[in-house]
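S.K.: fold the stuff below for me.
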Amino acid sequence: LGGDRALVGRVVERVKERELKGYSYEAADASFELLLREEVEGRPRRYFRTESWRAITEDRPDGTHANEATVKLWAKGERIVSTAEGNGPVNALDMAMRVGLERFYPELSKLELVDYKVRILEGTHGTSSTTRVLISTSDGTGEWSTVGVAENVIAASWQALEDAYTYGLLRAGVEPTE
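M.R.: Prediction:
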């Protein structure tokens, strides 16, 4: 990297551009590595593509909540539709993504979401604020952090989850397929 000034310039510009949108790579080592690899390799590292996702939280009469997520993904040329329940909408998305992708990538069974942080970014107002989500994930031997930014906290969470799974597969030595 040190010998390629053009590459370093592109990485710096891309980081600056994304930081203006609210991304922070200081605490998101895995997201930064994925961004760096994309610049070096000339394309994003993809093991799957997202068609769509949705998360539903149902308020029940007894005061409890039911959380369900459905994800539609493409992996290894196949369309996957997967639904799961969780203890919150992000956990439900995590579970649905895992259920859908583990058939293609059994390495994902080792991944565990170990920390989840949400920050409302300054300079915005109320519920229309930009949100930054940091997710820490472990595969039992190491831990890494990923970041997502969006006006919607669940959308920001999805971005961070996508990076977490992508980086987990990279760490496991799996070759990209998309």
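
S.K.: what about residue 14, helix or strand, and which?
M.R.: helix 5-20 (DSSP states H and E).

S.K.: C-alpha coordinates for that helix, CSV please?
M.R.: Extracted C-alpha coordinates of helix 5-20, given in CSV (Å, rounded to 0.1, in the frame of the first residue of the first chain):
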residue,chain,number,x,y,z
ARG,A,5,0.2,6.8,-3.9
ALA,A,6,-2.9,6.7,-6.2
LEU,A,7,-4.3,3.8,-4.1
VAL,A,8,-3.6,5.6,-0.9
GLY,A,9,-5.2,8.8,-2.2
ARG,A,10,-8.4,6.9,-3.3
VAL,A,11,-8.6,5.2,0.2
VAL,A,12,-8.2,8.6,2.0
GLU,A,13,-10.8,10.2,-0.3
ARG,A,14,-13.3,7.4,0.2
VAL,A,15,-12.9,7.4,4.0
LYS,A,16,-13.3,11.2,4.1
GLU,A,17,-16.4,11.0,1.9
ARG,A,18,-18.0,8.3,4.1
GLU,A,19,-17.0,10.1,7.3
LEU,A,20,-19.0,13.1,6.1
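
S.K.: pLDDT weak spots in this structure?
M.R.: 1-3, 122-128 (pLDDT under 70).

S.K.: that one: helices as residue ranges?
M.R.: For the chain, applying DSSP state H gives helices covering 5-20, 29-41, 89-101, 153-171.
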